[in-house]
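Visitor: Sequence first, predicted model second:
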Amino acid sequence: MADKIYRVNMTDLTSTIEEVPAAWAGHGGRGLTSTIVAAEVEPTCHPLGPKNKLVFAPGLLSGTVAANSGRLSIGAKSPLTGTIKESNAGGTASQLLARAGCKALIIEGQPKGDTWYSLALTPDGVTINEEKELIGQGNFRVVETLAKRLEGKPGIITIGQAGEMRMGSANISIKDPDGGLRSSGRGGLGAVMGAKKIKFIAIDPKDGKVAIANPEKFKEANRTFAKALVDHPVSQALGQYGTNVLVNIINEAGGLPTRNFSTGQFAGHESISGETMHDTILQRGGKIKHNCHPGCVIQCSQVFNDAKGEKLTSGFEYESIWAMGADCCVENLDHIAEADKLMDDIGLDTIETSVAMGVAMEAGVLPFGDGAGVCRILKEEVAKGTGLGRIIGNGAGSVGRAYGITRVPVVKNQAIPAYDPRAIKGIGITYATSTQGADHTMGYTIATNILNVGGKVDPLTKEGQVELSRNLQIATAAIDSTGMCLFIAFAALDDAKCLPALIDLINARFNLSLTGDDVVNLGKYILRTERAFNTAAGFTSADDRLPEFFYTEPLPPHNVVFDFSGKEIDTFWNF
Ligand code: SF4
């Protein structure tokens with residue numbers, strides 16, 4: 001199936017299939033979404049207006065049997081940060097889009113009236129249909145209804161009520177193989193889809209397949225690559241305890257942001273830890289291993305049941321558990337799981353929304369530790385779009401401004417995730433310099449600062465942190481172009497065979513002869529392209545800073561502050 005660009009214009013409700021421009025041919029995933037957004041979106045446009053475009057791009061290896069290659073990149077100008085944005089997630093949509101021959105789906109324009117639509121993509125093109133039944137419904141209802149309404153097993157990309165209300169925390173959800181949801185969580189991309197009045201996109205590749213230029217070499221490279229992933233000890237820990245294995249580790253390191261980032265350790269860490277979660281899952285008949293898309297060999301996801309043995313949530317991630325747990329001081333794992341399910345259903349980024357709850361707790365909206373109160377606010381305020389619900393649904397920065405709070409952990413208005421930058425300084429450089437606002441996945445220095453993967457850089461000293469973050473951000477931008485899950489990075493950093501096998505996979509797929517240098521240059525190109533967009537949108541190096549309290553409030557137990565000068569942070573861009 002030859003790759004094409006599918007373009008939908010929501011102003012005049014038309015769609016076309018176009019040849020891939022030569023300049024886009026070598027790109028996939030994040031490299032492609034950022035290239036298209038930079039080329040076609042006015043940097044100063046309103047993110048929720050007709051000039052913004054929403055771009056979906058499978059990775060270069062998506063749709064093939066390459067292990068862990070099913071991430072879908074979604075890009076646009078972000079309504080939360082005002083920067084360029086790429087957010088990627090698992091689920092089945094990336095593989096199915098690639099098999100349909102879709103290199104990228106670009107949605108532009110905006111309808112004038114109140115009518116809502118859905119899109120149906122097949123290899124023959126995209127049809128635009130009016131949608132009434134599912135408007136106002138949560139994501140789980142959308143997935144259940146479409147399972148009955150549509151034939152076969154199409155990929156589903158959907159928004160919940162948060163996206164319909166164009167909230168800054170609105171995510172885009174992607175159906176996984178079991179009818180659960182994976183989220184392109186960060187940056188409010190669900191609000192962009194809502195502004196274009198699209199409730200869901202269904203993808204049916206018919207009998208489409210991805211062409212492989214050299215199948216034998218591809219198979220051989222995939223064997224080596226998959227073995228490197230399976231053999232790595234971090235992959236094995238992820239398959240046993242999920243990403244939540246990190247609660248006890250980051251707590252021990254004194255970098256677990258607790259009580260709205262006022263201390264680095266949580267007294268209730270044991271009750272929300274990966275080990276406790278693992279035992280609870282086994283006692284209740286859930287699944288400790290689960291994949292977010294076919295072909296994953298690490299399986300960090302899981303199915304968490306309630307006390308009656310009924311499924312409560314899946315894909316229960318460390319970042320969500322930390323944010324609703326330690327940051328909001330909620331010790332009850334069932335309350336956290338219930339909140340996780342509600343956020344998935346309403347279509348909210350669990351990091352942004354939970355950090356917003358922590359700021360709201362500091363403001364006295366509800367007490368720290370009130371897990372039941374969080375669930376009530378999600379159901380009765382956020383899902384219904386009340387005044388309070390919209391303040392929380394627009395993120396941590398929105399709550400801080402509404403209530404006059406100074407300890408608001410955001411960079412470029414995006415909530416800081418689960419690692420305190422005072423105690424783990426490398427990640428602070430990533431938060432400050434990322435082109436996307438605070439985002440740990442953009443340059444995951446925790447690997448080297450805490451897990452000793454790819455060497456060791458002491459988390460509490462300044463030395464080596466800028467270089468570490470730079471190298472990881474360049475590598476991550478390239479990995480995000482392949483469709484690979486970020487968790488391949490542990491094996492890629494430690495196992496000498498892993499990265500060459502990944503490059504061999506790309507070469508065998510497209511009949512290329514890329515080298516390691518080409519991969520590094522791709523990563524640099526993506527970061528520079530994204531930064532140029534942000535600069536044209538009005539961002540300067542003054543935006544590459546952490547909030548003031550990180551420099552002035554020492555974090556227990558190490559009693560350290562973030563002590564990089566602006567000049568030191570700016571050396572990140574010396575490449
Ligand atoms: S390791 Fe986890 S996030 Fe990565 S592909 Fe597998 S289930 Fe998805």
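Guide: Done, it's in.
Visitor: Okay, buried residues for the longest helix along the chain please.
Guide: Counting residues, the longest helix found in the chain (DSSP state H) is helix 516-537. Buried residues in helix 516-537, counting neighbours by 16 or more other C-beta atoms under 10 Å, are found at 518-520, 522-527, 529-531, 533-534, 537. Quick note: C-beta positions are derived from backbone N, CA and C, even for glycine.
Visitor: Please, which helix or strand holds the closest residue in space to residue 265 that isn't next to it in sequence?
Guide: Setting aside the residues directly before and after it, residue 265 is nearest to residue 251 in space (C-beta to C-beta, 6 or more residues apart in numbering), at 5.4 Å. Element membership for residue 251, per DSSP states H and E: helix 246-252.
Visitor: cool, residue 304 as well?
Guide: strand 301-305.
Visitor: near the ligand, which residues of the stretch 451-575 of the chain?
Guide: Within the stretch 451-575 of the chain, the residues that sit near the ligand (C-beta under 6 Å from any ligand atom) are 485, 487.
Visitor: which residues of the stretch 451-575 of the chain score low on pLDDT?
Guide: Nowhere does the stretch 451-575 of the chain drop to pLDDT under 70.
Visitor: List the contacts of the residue of it found nearest the ligand.
Guide: Residue of the stretch 451-575 of the chain nearest the ligand, by C-beta to the nearest ligand atom: residue 485 (3.1 Å). Residues near residue 485 by C-beta atoms under 8 Å, 6 or more residues apart in numbering: 68, 70, 71, 90, 292, 296, 298.
Visitor: need the residues you listed in JSON lines with distance to residue 111, can you?
Guide: Below are the contacts of residue 485 laid out as JSON lines (distance: C-beta to C-beta, whole Å):
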{"residue": "68", "distance to residue 111": "37"}
{"residue": "70", "distance to residue 111": "31"}
{"residue": "71", "distance to residue 111": "29"}
{"residue": "90", "distance to residue 111": "30"}
{"residue": "292", "distance to residue 111": "32"}
{"residue": "296", "distance to residue 111": "37"}
{"residue": "298", "distance to residue 111": "41"}
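Visitor: Would it be right to say that residue 356 lies in a helix?
Guide: Yes - under DSSP: H, G, I helix; E, B strand; the rest coil, residue 356 sits within a helix.
Visitor: so what's it up against?
Guide: Residues counted as contacts of residue 356 (C-beta under 8 Å, 6+ apart) are 169, 392, 393, 394, 395, 396, 398, 399, 415.
Visitor: Now a ChimeraX select for only the buried ones of those residues.
Guide: Buried members of the contacts of residue 356, defined by 16+ other C-beta under 10 Å, are picked up in ChimeraX with:
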select :169,392,393,394,395,396,398,399,415
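Visitor: and residue 511, how many residues sit next to it?
Guide: Using other C-beta atoms under 10 Å, residue 511 has 10 other residues around it.
Visitor: from what I can see it touches residue 213, true?
Guide: Yes - with contacts counted by C-beta atoms under 8 Å, residue 511 reaches residue 213, the gap being 3.6 Å.
Visitor: can you give me the strands for the stretch 351-500 of the chain?
Guide: Assigned by DSSP state E, counting those that start in this stretch, the stretch 351-500 of the chain shows strands spanning 410-411, 414-415.
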